[in-house]
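[1] Dropping a prediction and its sequence here:
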Amino acid sequence: MKVSRAVWTEKTGWKNQVTCNGSASRADLVLVFGSPALMKQSARMAELKKLFPQAYICGCSTAGEIAGDQVSDDTMTATSVTFQSAKIHAAKAIIADPSQSFDVGAELAAALPTEDLVHIFVLSDGLVVNGSQLVRGLTSKAPSGTAITGGLSGDGPRFSETYVCADGVVLPRQVVAIGFYGKNLKIGYGSMGGWDTFGLERRITRSEGNVLYELDGRSALELYKEYLGPHAAKLPASGLLFPLTVRANGSAETVVRTILSVDEGAQSMTFAGDIPQGGMAQLMSANFDRLVDGADGAAQECRRRIGDSDAELAVLISCVGRKLVLQQRIDEEVEAVVGVLGSRAVTTGFYSYGEISPFTPSAQCALHNQTMTITTFAEA
């Protein structure tokens with residue numbers, strides 16, 4: 001596997017940070033992550049198509065771009081991959097309404113050939129999709145034992161527009177799934193958080209899919225505002241600082257959920273994934289050191305999964321909520337990952353509205369919020 005990475009800024013244009021020995025014209029895959037404004041620029045995509053004429057170009061808009069051990073805003077990263085023997089196949093779809101999320105996921109997984117399929121990497125719209133249902137749809141049609149990782153596209157703290165690029169075409173409300181094929185591919189993944197719970201655990205007394213109406217029989221939005229205090233005026237963005245941990249009724253497993261939007265008229269909050277009625281929810285707050293430790297732990301899990309091989313490509317997807325909390329310390333969580341994976345791994349990625357990964361090696365794939373999720377690739 002040969003990997004190169006370039007970064008575009010208004011001041012420098014495209015500038016190579018890592019250059020592989022192979023010719024860019026032979027690249028098989030290009031992962032591109034950038035701000036919504038840059039992803040919409042047809043000139044940027046035309047440049048990439050010219051640079052990588054044979055590659056499948058895919059990516060998404062972000063809430064911040066990761067390149068090496070640095071985090072930037074208003075840039076675009078392009079990471080090209082030339083495989084030695086592995087292959088990829090891709091499928092894409094448009095999601096017009098959250099109710100289509102499961103069907104779109106199932107459609108994408110069913111469109112990928114199954115022979116020698118070792119992994120599925122997915123990038124999705126970040127505002128319209130119900131991420132939980134998208135993942136359930138993907139897992140319903142993916143071959144048993146095939147891991148799925150990826151994330152939801154972002155738009156900084158604005159929650160206004162997100163974009164996904166599939167086969168060089170950038171569109172809103174798009175989802176793309178990349179299937180990786182080959183016996184020589186070694187793929188690792190890890191996902192960890194680092195948030196602390198506070199306050200009472202409350203019963204979810206009214207919800208529909210990913211829309212929450214009531215906790216303990218009270219307006220969830222009203223209750224949430226009480227906890228947020230002065231932060232309530234800046235919802236939904238301020239909700240990223242105070243996610244919910246949620247567990248289904250009778251289950252010990254928890255997932256973290258963050259707000260995508262609020263509806264004052266309906267007194268409801270829409271989250272990136274399902275809020276199960278009858279389950280339990282509890283507020284969370286940030287712990288700086290634990291957030292960085294969580295990133296380190298996710299990288300350690302990746303190393304364990306690929307054994308003696310060194311990662312050659314690492315795709316980091318972290319939540320915008322972590323970025324808002326860590327602020328000037330944001331590079332620390334990326335530096336922690338790079339420190340674990342080593343200098344051979346070319347690191348790219350983005351800050352997202354949701355992360356897709358099994359939470360533990362034995363768990364099913366799920367949508368998470370507020371995690372650092374890492375997918376590493378190596379080719380023997």
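    Perfect, I can see it now.
[2] From here on, just use CA atoms for contacts and neighbour counts.
    Will do.
[3] which one's the longest helix in the chain?
    Counting by DSSP state H, the longest helix found in the chain is helix 288-306.
[4] can you pull the buried residues of it?
    Buried residues in helix 288-306, counted by 16 or more other Cα atoms under 10 Å: 288, 290-303, 305-306.
[5] Stretch 29-41 now?
    Buried-residue list, stretch 29-41, by 16+ other Cα under 10 Å: 29-36, 38-40.
[6] Would it be right to say that Gln17 lies in a strand?
    Yes - judged by DSSP: H, G, I helix; E, B strand; the rest coil, Gln17 forms part of a strand.
[7] give the contact list for it.
    Going by Cα atoms under 8 Å, 6 or more residues apart in numbering, Gln17 touches 4-7.
[8] Quick check: Ile330 touching Ser72?
    No - contact between Ile330 and Ser72 fails when scored by Cα atoms under 8 Å: they sit 9.8 Å apart.
[9] picking that back up, and the helix or strand just after the longest helix of the chain, which strands flank it?
    Sequence-wise, the next helix or strand downstream of helix 288-306 (DSSP states H and E) is strand 313-319. Sheet pairing of strand 313-319 (DSSP bridges) gives strand 346-352 (parallel), strand 372-379 (antiparallel).
[10] and those as a markdown table, adding mean neighbour count, mean pLDDT and distance to Tyr224?
    What follows is the strands paired with strand 313-319, written out as a markdown table (neighbours: other Cα atoms under 10 Å; pLDDT from 0 to 100; distance: least, Cα to Cα, whole Å):
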| stretch | mean neighbour count | mean pLDDT | distance to Tyr224 |
| --- | --- | --- | --- |
| strand 346-352 | 29 | 97 | 23 |
| strand 372-379 | 25 | 96 | 25 |
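[11] Of these, which is nearest Ser219?
    strand 346-352 (27.9 Å; Cα to Cα).
[12] From the chain's centroid, how far away is the closest one?
    On the basis of Cα atoms, centre = their mean, to the nearest Å, strand 346-352 sits 9 Å off its chain's mean C-alpha point.
[13] and the angle from the helix or strand just after that strand to strand 372-379?
    Per DSSP H and E, the first helix or strand lying C-terminal to strand 346-352 is strand 354-358. Taking axes from the mean of the first three to the mean of the last three Cα atoms, to 10 degrees, one finds strand 354-358 and strand 372-379 inclined to each other by 60 degrees.
[14] What pairs with strand 354-358, parallel or antiparallel?
    strand 147-152 (antiparallel), strand 365-368 (antiparallel).
[15] Looking at the ones you listed, spot the one closest to Tyr213.
    Closest approach to Tyr213 among those (Cα to Cα): strand 365-368, 20.6 Å.
[16] got the buried residues for that closest one?
    Buried residues in strand 365-368, counted by 16+ other Cα under 10 Å: 365-368.
[17] Now it - C-alpha only, PDB.
    Below are the C-alpha coordinates for strand 365-368, written out as PDB (Å, rounded to 0.1, in the frame of the first residue of the first chain):
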ATOM      1  CA  CYS A 365     -21.500  -1.900  14.900                       C
ATOM      2  CA  ALA A 366     -23.400   1.100  16.200                       C
ATOM      3  CA  LEU A 367     -23.600   4.900  15.900                       C
ATOM      4  CA  HIS A 368     -21.700   6.800  18.600                       C
END
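[18] circling back to that earlier point, for Trp195, find the nearest of the strands paired with strand 354-358.
    strand 365-368 (12.7 Å).
[19] List of residues touching the closest one?
    For strand 365-368, contacts defined as Cα under 8 Å, 6+ apart pick out 131-132, 135-136, 139, 147-149, 255-257, 273, 354-359.
[20] Quick one: end-to-end distance for stretch 62-78.
    One end of stretch 62-78 sits 13 Å from the other (Cα to Cα, to the nearest Å).
[21] In that stretch, which residues are buried?
    Quick answer for stretch 62-78 (16+ other Cα under 10 Å): 62-69, 71-78.
[22] Kindly report the same for stretch 44-60.
    45, 48-49, 52, 55-60.
[23] And the furthest pair within those?
    Put simply, by Cα to Cα the two of those set farthest apart are Phe52 and Cys60, 17.4 Å from each other.
[24] tell me the centre residue of this protein?
    Most central in the chain under Cα atoms, centre = their mean is Gly151, positioned 2.3 Å from the mean C-alpha point.
[25] From Ile374, how far off is that residue?
    Taking Cα to Cα as the measure, Gly151 falls 10 Å from Ile374.
[26] now Pro358
    To Ile374, Pro358 is 11 Å away according to Cα to Cα.
[27] any common contacting residues for the two?
    Shared contacts of Pro358 and Ile374, counting by Cα under 8 Å, 6+ apart, come down to 190-191.
[28] In this structure Val338 contacts Ala67, no?
    No - the pair Val338 / Ala67 is not scored as a contact, 10.6 Å apart, by Cα under 8 Å.
[29] Residues in contact with both of these two, list them for me.
    Both Val338 and Ala67 are contacted by Thr347, under the criterion Cα under 8 Å, 6+ apart.
[30] If we ignore the residues flanking it in sequence, what's nearest Trp94?
    You called it Trp, but residue 94 is Ile. Gln174 (4.5 Å; Cα to Cα, 6 or more residues apart in numbering).
[31] sorry, back to before: in a markdown table: the strands paired with strand 313-319, plus distance to Arg203.
    Formatted as a markdown table, these follow (distance: least, Cα to Cα, whole Å):
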| stretch | distance to Arg203 |
| --- | --- |
| strand 346-352 | 28 |
| strand 372-379 | 28 |
